[in-house]
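**Student:** generate a structure from the sequence data that follows.
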Amino acid sequence: MKIPWVYSLLILCLIQVSCNQDYSPKPRGYFNITFPEKKYQSFTGDCPYSFDYPIYATVNRDTKRDAKPCWLDVSYPEFNGKIHLSYQPVGSTEQFNQLVEDARTFAFKHTVKATAIDEGIISYPEKKVYGIYYSIDGNTASSVQFFLTDSTKNYLRGALYFNEQPRLDSIQPVLDFIKEDIDVMIKSFKWKK
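**Tutor:** I've put the predicted structure just below:
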């Protein structure tokens with residue numbers, strides 16, 4: 001009978017000693033991401049536009065069944081992401097207005113999950129490149145969308161997607177890295193004559 005009492009006392013002492021220390025759980029960790037050096041190359045192709053893109057990305061034609069000519073994907077295989085580019089020739093003012101409204105609608109479809117959607121004006125009159133840049137914060141499927149146009153006959157829409165479940169806290173470093181590439185792409189963008 002003395003043995004169970006000794007065990008009970010020993011367990012009680014262990015509990016008392018273990019409760020005197022401060023304990024805090026370790027925060028959830030993420031992989032360390034090593035980013036490549038920023039270097040760019042030109043995409044010219046047979047489409048009516050050109051732009052600079054990073055050497056660690058590839059430009060491929062969109063292979064989906066409903067893809068139109070000059071629809072491209074700028075793929076980031078290392079980061080499991082793509083910038084989808086869709087080009088449309090503009091035939092009328094009504095069509096142009098509809099394309100601009102479609103871009104706004106596509107960006108604001110993310111309102112349900114977004115914490116904020118910021119719009120920025122893109123304007124390079126010397127190159128006849130105009131548009132709107134949508135920065136979408138939150139756990140959304142697309143964090144960046146934009147469109148570029150010459151306001152008369154050409155229109156290009158871009159959207160960044162990751163092939164991962166959208167968790168902003170885990171993709172934020174990669175998102176910031178790719179946003180810099182998108183800025184270079186937009187600043188170097190030109191319509192071919």
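**Student:** contacts, neighbours, all on C-alpha from now
**Tutor:** OK.
**Student:** what ranges do the helices span in this structure?
**Tutor:** Per DSSP state H, the chain carries helices over the ranges 2-18, 93-108, 168-188.
**Student:** for Glu78, which of the ones you listed is the nearest?
**Tutor:** Glu78 lies closest to helix 168-188 among those, at 10.1 Å (Cα to Cα).
**Student:** what packs against the closest one?
**Tutor:** strand 49-54 (3 or more Cα pairs under 8 Å, 6 or more residues apart in numbering; DSSP states H and E).
**Student:** would a markdown table of the helices of the chain with mean pLDDT and mean neighbour count be doable?
**Tutor:** Below are those laid out as a markdown table (pLDDT from 0 to 100; neighbours: other Cα atoms under 10 Å):
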| stretch | mean pLDDT | mean neighbour count |
| --- | --- | --- |
| helix 2-18 | 73 | 10 |
| helix 93-108 | 90 | 15 |
| helix 168-188 | 91 | 16 |
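**Student:** any chance of these in CSV, plus distance to Ile122?
**Tutor:** Output for the helices of the chain, formatted as CSV (distance: least, Cα to Cα, whole Å):
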stretch, distance to Ile122
helix 2-18, 61
helix 93-108, 13
helix 168-188, 8
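**Student:** closest one to Phe147 among those helices?
**Tutor:** Judging the helices of the chain by Cα to Cα, what sits closest to Phe147 is helix 93-108, at 7.0 Å.
**Student:** outside of the closest one itself, list whatever touches it.
**Tutor:** 90, 117, 134, 136, 145-147, 151-152, 155, 157 (Cα atoms under 8 Å, 6 or more residues apart in numbering).
**Student:** just those residues now: which is nearest Val59?
**Tutor:** Distances from Val59 to the contacts of helix 93-108, taken by Cα to Cα, are shortest for Arg157, at 15.3 Å.
**Student:** any idea of the pLDDT on the closest residue to that closest one other than its chain neighbours?
**Tutor:** Take Arg157 and drop its neighbours on the chain: the residue closest to it by Cα to Cα, 6 or more residues apart in numbering is Phe147, 4.1 Å away. Phe147 is assigned 95 on the pLDDT scale.
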